[in-house]
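Undergrad: What would the 3D arrangement of this be:
(one chain, ligands or ions: 1)
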Amino acid sequence: MRVEENVELARLTTIGTGGAATAFARPTTIAELREALVWAADRGLAVATVGLGSNLLAADEGVDGLVLKLAGDLAAVRVEGATLVAGGGATNAVCLHQARGAGLGGFEFACAIPGTAGGGVRMNAGAYGSDWSKILVRARVASADGEAWLTADELGLSYRHSELRPDQVVAEVQYRLTPRPPEEIKETVRELIAQRKATQPTNKRTFGSVFKNPDHELGAGRMLEACGLKGHTIGGAMISPMHANFIENAGGATTADALALLAEARRRAHEQFGVELEHEVRLLGAIAVT
Ligand SMILES: Cc1cc2nc3c(=O)[nH]c(=O)nc-3n(C[C@H](O)[C@H](O)[C@H](O)COP(=O)(O)OP(=O)(O)OC[C@H]3O[C@@H](n4cnc5c(N)ncnc54)[C@H](O)[C@@H]3O)c2cc1C
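TA: Now for the predicted structure:
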């Protein structure tokens, strides 16, 4: 396993911001992953895993620790009966493609979620009334201490939340799917993607939903829109004119710009609606939302 130094995280996040990771590795097998985790533990380094970086804001100052991106066997996908087995670094697009090819439905909801299997578990990602907890049989979770297969219950999956610690890596997952004709799957995906394109800035650099939907009659997007925040810009970051729960990199954005917008959105939602918005995007490095 090769450890690289000072690898730019801006290239590994969909918003395209963030400084460098002091250490970076791409383990391709479970043995390499364990080796990397033990290497970091021996040096007292923090560990974080990056999937497609589609729900991630990394500190502009960089991340002092080992950042992992799973590759090779740890990003491969295969079908076993009605079970889809995917490496933690496998993209949702490849999983969906394989499922459709095998005539297995149930993963269509993830067609517009541009992440990986591991990121989906960590976030309990979801859309259109489904989420990872509904399809996950179990996930193989590794840390410097060892590894274990954990069920959705054991992972504590709830709305955009899991109980995984930052140093725990989802190395492999098993999804339970159900037989469905490929043509039907294709049609459902086509409809869902069309819905997405009509309502969300899918062709811009964003990190997906900024905030979780609050327990309120308005979702986070409608609430921020009512606060007059659509198009609000700080530095190179802009609240999407299309959907106010997205922040776009409008050109030259930094993580600090995005965080300043996040703080302003939280302040306005609290002032106007008395609601404390909770951020959905995950933070990497020494940064916090105020
Ligand atoms: C255009 C767009 C649309 C989106 N739509 C949706 C949506 O409809 N629903 C939804 O839920 N989300 C959505 N998202 C957000 C995002 O795609 C999901 O949260 C996705 O599951 C993140 O996966 P990732 O692999 O990119 O994770 P990353 O963004 O790389 O990381 C997210 C978190 O997961 C952790 N992580 C990543 N891989 C692993 C691993 N192997 N093991 C352990 N931890 C890991 C990271 O450390 C971090 O804490 C959208 C994002 C974009 C840009």
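
Undergrad: Secondary structure class of the residue nearest to residue 221 when sequence neighbours are not counted, three-state.
TA: Taking C-beta to C-beta, 6 or more residues apart in numbering, and ignoring the residues beside it in sequence, residue 221 has residue 245 as its nearest neighbour in space, at 3.7 Å. C-beta here means a position set from N, CA and C on the backbone, and glycine is covered the same way. The local conformation at residue 245, judged by DSSP: H, G, I helix; E, B strand; the rest coil, is coil.

Undergrad: who's in contact with residue 245?
TA: The neighbourhood of residue 245, defined by C-beta atoms under 8 Å, 6 or more residues apart in numbering, consists of 209-211, 219-221, 224.

Undergrad: Now do the phi/psi pair for it.
TA: Phi and psi for residue 245, reported as degrees, to the nearest 10, are phi -100, psi 20.

Undergrad: Check the gap between it and residue 279 for me.
TA: The gap separating residue 245 from residue 279 is 11 Å, by C-beta to C-beta, to the nearest Å.

Undergrad: Quickly list what's touching both of the two.
TA: Listed contacts common to residue 245 and residue 279 are 210-211; contacts here mean C-beta under 8 Å, 6+ apart.

Undergrad: what residues does the stretch 151-290 of the chain put near the ligand?
TA: Contacts of the stretch 151-290 of the chain with the ligand, taken as C-beta under 6 Å from any ligand atom, map to 164, 169-170, 202, 206-208, 282.

Undergrad: Between these, which sits nearest residue 97?
TA: residue 202 (18.4 Å; C-beta to C-beta).

Undergrad: Now the nearest residue to that closest one once chain neighbours are set aside: which helix or strand?
TA: Leaving aside its chain neighbours, residue 202 sits nearest to residue 196 (5.6 Å; criterion: C-beta to C-beta, 6+ apart). Residue 196 is part of helix 182-199, with elements assigned from DSSP states H and E.

Undergrad: can you list contacts of the next helix or strand after that helix?
TA: Reading on from helix 182-199 to the C-terminus, the next helix or strand found by DSSP H and E is helix 220-226. With contacts defined as C-beta under 8 Å, 6+ apart, helix 220-226 is touched by 209-214, 216, 218, 230, 239, 243-246, 265, 268-269, 272-273, 275, 277.

Undergrad: May I have helix 220-226 exported as CSV, CA atoms only?
TA: Extracted C-alpha coordinates of helix 220-226, given in CSV (Å, rounded to 0.1, in the frame of the first residue of the first chain):
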residue,chain,number,x,y,z
ALA,A,220,-35.4,23.1,4.1
GLY,A,221,-35.4,24.3,0.5
ARG,A,222,-38.8,26.0,0.7
MET,A,223,-37.9,27.6,4.1
LEU,A,224,-34.7,29.1,2.7
GLU,A,225,-36.5,30.2,-0.4
ALA,A,226,-39.0,32.0,1.9
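
Undergrad: Just flag the most distant two among the residues of the stretch 151-290 of the chain next to the ligand.
TA: Farthest apart among these by C-beta to C-beta are 169 and 202. That separation is 28.5 Å.

Undergrad: Looking at the two, which is more packed in?
TA: Just comparing residue 169 and residue 202: by other C-beta atoms under 10 Å the higher neighbour count belongs to residue 169, 29 against 15.

Undergrad: Now do the same for that one: its pLDDT.
TA: For residue 169, the model assigns a pLDDT of 98.

Undergrad: is it true that it touches residue 142?
TA: Yes. In this structure, residue 169 is within contact of residue 142 by C-beta atoms under 8 Å, at 5.0 Å.

Undergrad: shared neighbours of the two, which are they?
TA: The contact sets of residue 169 and residue 142 overlap at 33, 37 (C-beta under 8 Å, 6+ apart).
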